[in-house]
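Novice: based on what follows, work out the 3D shape:
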Amino acid sequence: MTRNELIRALRVTEAALWKAGNLLRDAAPDVLDAQQEVARILRAVDSSEKCQRCGCALVQTGLGRPKRYCSDNCRKYAYAEKRQTG
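Specialist: Presented below is the predicted three-dimensional model:
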């Protein structure tokens, strides 16, 4: 299973659990707990596709190192913030 297939499957699962949890709100509190856990895992898996500073979506070219920032400005600001805090 590729990473994109995993993300797609987690999104479908989260949506189904959300719908089931809303329909069975009082009858199945475990469903909402499961939905929240799937959402947490999805954020963790999908987070590497976003800029580490501003959260914008990144487009990976497949060449060289994976991008961590969406622009030179974000990279420079992140570097400056890191120097100030550390």
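Novice: which one's the longest helix in this protein?
Specialist: For the chain, the helix with the greatest residue count under DSSP state H is helix 3-23.
Novice: next structured bit after that one?
Specialist: helix 29-46 (DSSP states H and E).
Novice: so what touches that next one?
Specialist: The contact list for helix 29-46 (Cβ atoms under 8 Å, 6 or more residues apart in numbering) reads 3, 6-7, 10-11, 13-14, 17-18, 20-21, 24-25. C-beta coordinates here come from the backbone N, C-alpha and C atoms, glycine included.
Novice: ok so, going back, what's the longest helix of the chain packed up against?
Specialist: helix 29-46 (3 or more Cβ pairs under 8 Å, 6 or more residues apart in numbering; DSSP states H and E).
Novice: distance between the helix it packs on and the chain's centre?
Specialist: Taking Cα atoms, centre = their mean, to the nearest Å, one finds helix 29-46 lying 11 Å from the centre of the chain it belongs to.
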